[in-house]
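Asker: Let's see this in three dimensions:
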Amino acid sequence: MAKFQISNSLPDRQAGKSQINPVTDEMKNNYVSNGVNSKSQCSKFQTKEFRSLVIWLLVIVCNLVLGAWNLSYLSAQDWQEANGEHFIVCFTQDKDFAENLLDKAETYYRNIALDLGYARYSDFWLWDKRVKIYIYPDHASFIKATGQPEWSQGMADYRTKQIVSYAWSQGFLESLLPHEMAHLIFRDFVGFKGEVPLWLDEGVAQWEEESRRKEMKQMVYKLYDDDSLLSLNDMLKLDIREIREKVKVYIRPTRTKDDEPGVLFVSGDNLIRIFYVQSFGLVGFLIEKYGSESFANFCRQLRDGKTLEEALRFAYPTYIRSISELEDRWRKYLKEDYS
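Answerer: Predicted structure coming up:
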């Protein structure tokens, strides 16, 4: 019997606007969706971390859309530099923060490069190819120079390989910095021409926020337990960047834990949250189950022009030969790990 899920949680933001706040315990508000199946049984899906996740991710998307910043706000002589192997941190005050940031950036780089097999290419992000991280002295000067909304905590420009924030921005060092670095490294590695699904790009960036992996995994298990996972074929068709109506109810196909077909009724906000969490879960599965080398090989095949299914067959020849098999093995992995 098909199972039906309905999510009627409404966003607390104005329709059509993105909003960001630092990731704190206070902003981890309730996320509730009521599930109704054919037997009229009611289940509650409540995950406090979901709201902070999507808010943090929305700032990244919004910042990219809003464009480049005006670095001329501070004259050239105001900037000082802390130089590392792969990064140049430009700052005006608080040398301690800049040096701490540089240390973390180099550590994140090594970890991300190992996950993606990027470390083999020694000429990336060295010398004149180093990434610049601009740190303004406070939030007010950051907003004035960049033209970002008041709620913005940082931004990145993939074209120029620059990241911008301000000193002691809450959540920047542990969350936004590794997330944006992962996007930059991943796109440097696979390019923009291949068949790279959005869930893979976003999943890599979230996976590299190592400090949040434990809570993100719990979100994935909660989705699985509540039969609220999207089908993988549906994820490949879905572009969450085009979701404009956050309160609109969307109807999406799913499968239950018993492998029965089902349907999800979800608001736009909740659909975005599910997509991001599920993207994290899929990338984590591929890396943890089959190792970083196989994942790096998978990414290289996409870079070299193979389709998604061709890349899967090449990197995981005895395990995953199709998109449907990827979904089957992931669900089996969740079932074994969750039980």
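
Asker: use CA for all of it now, contacts and neighbours both
Answerer: Fine.

Asker: List the buried residues of the host helix or strand of Ile185.
Answerer: Using DSSP states H and E, Ile185 falls within helix 177-190. Within helix 177-190, the residues that count as buried by 16 or more other CA atoms under 10 Å are 177-186, 188-190.

Asker: residues in contact with that helix?
Answerer: Contacts to helix 177-190, defined as CA atoms under 8 Å, 6 or more residues apart in numbering, come from residues 105, 108-109, 112-113, 116, 118, 156, 158, 161, 163, 201-202, 204-206, 208-209, 299-300, 302-304.

Asker: C-alpha coordinates for that helix, PDB please?
Answerer: C-alpha atoms of helix 177-190 as PDB (Å, rounded to 0.1, in the frame of the first residue of the first chain):
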ATOM      1  CA  LEU A 177      34.700  28.800   5.600                       C
ATOM      2  CA  PRO A 178      35.000  25.000   5.000                       C
ATOM      3  CA  HIS A 179      31.700  25.000   3.100                       C
ATOM      4  CA  GLU A 180      32.800  27.600   0.600                       C
ATOM      5  CA  MET A 181      36.300  26.200   0.300                       C
ATOM      6  CA  ALA A 182      34.800  22.800  -0.600                       C
ATOM      7  CA  HIS A 183      32.700  24.400  -3.300                       C
ATOM      8  CA  LEU A 184      35.800  26.200  -4.700                       C
ATOM      9  CA  ILE A 185      38.000  23.000  -4.600                       C
ATOM     10  CA  PHE A 186      35.300  20.700  -6.000                       C
ATOM     11  CA  ARG A 187      34.600  23.000  -8.900                       C
ATOM     12  CA  ASP A 188      38.300  23.500  -9.600                       C
ATOM     13  CA  PHE A 189      38.600  19.700  -9.600                       C
ATOM     14  CA  VAL A 190      35.500  18.700 -11.800                       C
END
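
Asker: where's Ile185 relative to Gly194, distance?
Answerer: 15 Å (CA to CA, to the nearest Å).

Asker: which stretches of the protein form helices?
Answerer: Secondary structure of the chain (DSSP state H): helices at 48-66, 95-116, 139-146, 177-190, 198-207, 213-225, 232-237, 268-290, 292-303, 308-315, 323-338.

Asker: among those helices, which is nearest Pro253?
Answerer: Closest approach to Pro253 among the helices of the chain (CA to CA): helix 232-237, 7.2 Å.

Asker: Who are the packing partners of the closest one?
Answerer: Packing contacts for helix 232-237, counted by 3 or more CA pairs under 8 Å, 6 or more residues apart in numbering; DSSP states H and E, involve helix 198-207, helix 323-338.

Asker: And stretch 204-214, what's buried?
Answerer: Residues of stretch 204-214 classed as buried: 204-209, 213 (neighbour count, 16+ other CA under 10 Å).

Asker: now for the buried residues of helix 177-190, which pair is the farthest apart?
Answerer: Maximum pairwise distance among those (CA to CA): 20.0 Å, between Leu177 and Val190.

Asker: Would you report the backbone torsion angles of Val196?
Answerer: Main-chain dihedrals, Val196, degrees, to the nearest 10: phi -110, psi 110.

Asker: Tell me the spacing between it and Val204.
Answerer: 12 Å.

Asker: Same check on Ala98?
Answerer: Distance check for Ala98 against Val204: by CA to CA, it reads 26 Å.

Asker: Same question for Lys332.
Answerer: 21 Å.

Asker: Need the per-residue pLDDT for Ile251.
Answerer: Note for Ile251: predicted pLDDT of 93.

Asker: count of residues packed around it?
Answerer: The local packing of Ile251 (other CA atoms under 10 Å) involves 14 other residues.

Asker: re earlier: can you check which of the helices of the chain gets nearest to Trp168?
Answerer: Comparing the helices of the chain by CA to CA, helix 95-116 comes nearest, at 7.3 Å.
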